[in-house]
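1. the following comprises the amino acid sequence and a computationally predicted model.
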Amino acid sequence: LTGGARDGAVVQPAVVADVDPQSPFSQQELFGPAVAVSSAADWEAAIAQANGTAYGLGAGIFTSDVAGAVRAVREIDAGSVHINWTPLWRADLMPYGGLKGSGYGKEGPRAAVSEMTEVKTIVLHGRPW
């Protein structure tokens, strides 16, 4: 729809519409300034499409159907599911991370400390310390 032009190493952000959900552009993690837009006939198809990838960092649902949005939040396999908002927003106090092939563990201050801390008991003079 817009963007995608390249000037040397700089690529303009791009919005690509009508992307086939089975295409590599939709199935693989995209580390670039682009977004694939796909639509679905109903909630079953939309949730199957969202869950039909090996990745699960974040998902964004754009709808005016509140009941459908709540269903999507419950059924989509992703680290975060945002309704009518970008899927990459977070507060630093929130644990952040994906499911499936989108990483291992969580990040964020509390989650990072928990993920990277191994607690061991030291015995000093016969007493735990």
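-> That came through, no problem. Numbering: from 1, shown residues only.
2. could you use CA atoms for every contact and neighbour count after this?
-> OK.
3. tally of neighbours for residue 47?
-> Residue 47 has 19 neighbouring residues, counting by other Cα atoms under 10 Å.
4. same for the helix or strand hosting residue 59, what does it pack against?
-> In the assignment (DSSP states H and E), residue 59 maps to strand 58-61. Contact partners of strand 58-61 among helices and strands, from 3 or more Cα pairs under 8 Å, 6 or more residues apart in numbering; DSSP states H and E: strand 80-83.
5. show me what the helix or strand following the strand it packs on pairs with in its sheet, parallel or antiparallel.
-> Once the chain leaves strand 80-83, the next helix or strand it forms, by DSSP H and E, is strand 99-100. The strands beside strand 99-100 in its sheet (DSSP bridges) come out as strand 55-56 (antiparallel).
6. okay, the nearest residue to residue 27 once chain neighbours are set aside: pLDDT?
-> Excluding the flanking residues, the one nearest residue 27 by Cα to Cα, 6 or more residues apart in numbering is residue 53, at 5.5 Å. Residue 53 is assigned a pLDDT of 91 by the prediction.
7. in the protein, which helix or strand is least confident?
-> Between all helices and strands in the chain, the lowest mean by mean pLDDT, DSSP states H and E belongs to helix 109-115, at a mean of 68.
8. chain neighbours aside, what residue packs nearest to the residue positioned nearest the centre of the chain?
-> The chain has residue 58 as the residue nearest its centroid, 1.6 Å off, counting by Cα atoms, centre = their mean. Among residues not flanking residue 58 along the chain, residue 80 sits closest, at 4.8 Å (Cα to Cα, 6+ apart).
9. correct me if wrong: the residue nearest to the centre of the chain contacts residue 81.
-> Yes - Residue 58 is within contact range of residue 81, at 5.8 Å (criterion: Cα atoms under 8 Å).
10. I figured the residue nearest to residue 58 hits residue 55, correct?
-> No - counting by Cα under 8 Å, residue 55 is not a contact partner of residue 80; they are 12.0 Å apart.
11. now for the two: what residues contact both?
-> residue 98 (Cα atoms under 8 Å, 6 or more residues apart in numbering).
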